[in-house]
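Peer 1: any chance you could fold what I've pasted below:
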Amino acid sequence: MKFRAPKYFLRLSAFGTFVGGVIIFKEYLGGGNYSGQETLRGKTVIVTGANTGIGKETALGLARRRARVIMACRDMDKCHQARKDIVLDSRNKHVYCEECDLASQESIRAFAKRFNEGEARLDVLINNAGVMRCKKSFTNEGIELQLGTNHMGHFLLTNLLLDKLKASAPSRIVNVSSVAHMKGKINFSDLNSAKNYNEGEAYAQSKLANILFNEEMAERLAGTGVTSNAVHPGIVNTDIGRHMSIYKSWVAYFFLSPLLWLFLKTPRQGAQTTLYVALSPDLEGVSGKYFSNQREAEVSEAGQDREAARRLWAISEVWTHLS
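Peer 2: Predicted coordinates for the structure are as follows:
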């Protein structure tokens, strides 16, 4: 007598196989986890925008490796809640919230002053915070918000922390850019988008600025023991996309959300290349490079323009009052 499984059991099994296959496919699309087991006990790291998304997952990954983690965030309420989650998960109490609004040079300077006076070392600086495709708005200093936050804010912060990074060498700077830099152009004739503003073009310009800043910084830091590299985390499903039109229509979001879930990386997946560049022993001494999916990648032709990088640096020094 042959055993015949009930139809509902076969259907349930088929459904379970389908769901498992979808999850495996999503993990495959998202790339693998960074597998390094480095211990960061005694090391100090800063992660900007660490209260949510990729930044939070990056801070968690570093806390699990026993680092002293400084969460540099604009929203302190969200930061403290994120810190609580990270401490409970990592069992690492050495995670701290510090106010740092990348859209306010006063806030950046205050944070850098507190850090430089209160901390003995800085081993890794992760410039992660950012805004994307927002309506036309400005930083406290009147700089277009995407350029001002994504580039100028991190430019100022990094330069203010350079002495601490050099004193802690070998140390690393990780600049979170985007594949969007491929479409970017540094519009020197209208850098602040005063004459014309397109939210997508302004975002791409800011991400290209990250690439040019990274390459110029790496050149200036040669021989110091401090490296600077840029990463593309992938297309990640985080709050940074909240200004995009799909999130403004609940109908569009309802029908497209399954595809977004499947094809967009999770914040955990998006953090893996950042962790790789921040931690991997294979990248000791490697600087001025761009990474995607834990592998070195090519930047756009505009991202290799050394003259544009030097010109942008000079302008950034003036706009951030460093010169």
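
Peer 1: and the strands in this structure, which stretches?
Peer 2: Ranges of strands in the chain, per DSSP state E, are 44-48, 68-73, 95-99, 124-127, 171-176, 226-232, 290-292, 295-296.

Peer 1: okay if I get these as CSV plus mean neighbour count and distance to residue 84?
Peer 2: Quick note: C-beta positions are derived from backbone N, CA and C, even for glycine. Listed next are those as CSV, based on neighbours: other Cβ atoms under 10 Å; distance: least, Cβ to Cβ, whole Å:
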stretch, mean neighbour count, distance to residue 84
strand 44-48, 28, 16
strand 68-73, 28, 11
strand 95-99, 19, 9
strand 124-127, 28, 20
strand 171-176, 27, 24
strand 226-232, 26, 27
strand 290-292, 21, 31
strand 295-296, 10, 34
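
Peer 1: could you export those strands as TSV, including distance to residue 321 and mean pLDDT?
Peer 2: Below are the strands of the chain laid out as TSV (distance: least, Cβ to Cβ, whole Å; pLDDT from 0 to 100):
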stretch	distance to residue 321	mean pLDDT
strand 44-48	20	98
strand 68-73	20	98
strand 95-99	20	98
strand 124-127	19	98
strand 171-176	21	98
strand 226-232	22	98
strand 290-292	29	98
strand 295-296	35	98
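
Peer 1: possible to save those strands as CSV with distance to residue 318?
Peer 2: As requested, these are exported to CSV (distance: least, Cβ to Cβ, whole Å):
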stretch, distance to residue 318
strand 44-48, 23
strand 68-73, 24
strand 95-99, 26
strand 124-127, 20
strand 171-176, 21
strand 226-232, 21
strand 290-292, 26
strand 295-296, 33
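
Peer 1: in contact with the nearest residue to residue 232 once chain neighbours are set aside, which residues?
Peer 2: Counting by Cβ to Cβ, 6 or more residues apart in numbering, residue 292 is the residue found nearest to residue 232 once chain neighbours are left out, at 4.2 Å. By Cβ atoms under 8 Å, 6 or more residues apart in numbering, the contact set of residue 292 is 179, 231, 232, 234, 273.

Peer 1: repeat that for residue 146.
Peer 2: 130, 131, 132, 133, 134, 199, 202, 203, 205, 206.

Peer 1: please report how far it lies from residue 189.
Peer 2: 18 Å (Cβ to Cβ, to the nearest Å).

Peer 1: still on that earlier bit, who does the residue nearest to residue 232 bridge with?
Peer 2: Counting by DSSP bridges, residue 292 forms beta bridges with residue 232, residue 295.

Peer 1: i'd like the first residue to be 356 from this point on
Peer 2: Okay, using 356 as the starting number, the last item reads as residue 647.

Peer 1: any idea how far it is from residue 623?
Peer 2: Residue 647 is 17 Å from residue 623, by Cβ to Cβ.

Peer 1: same check, this time on residue 481
Peer 2: Distance of residue 481 to residue 623, computed by Cβ to Cβ: 16 Å.

Peer 1: again, but for residue 678
Peer 2: Residue 678 is 40 Å from residue 623, by Cβ to Cβ.
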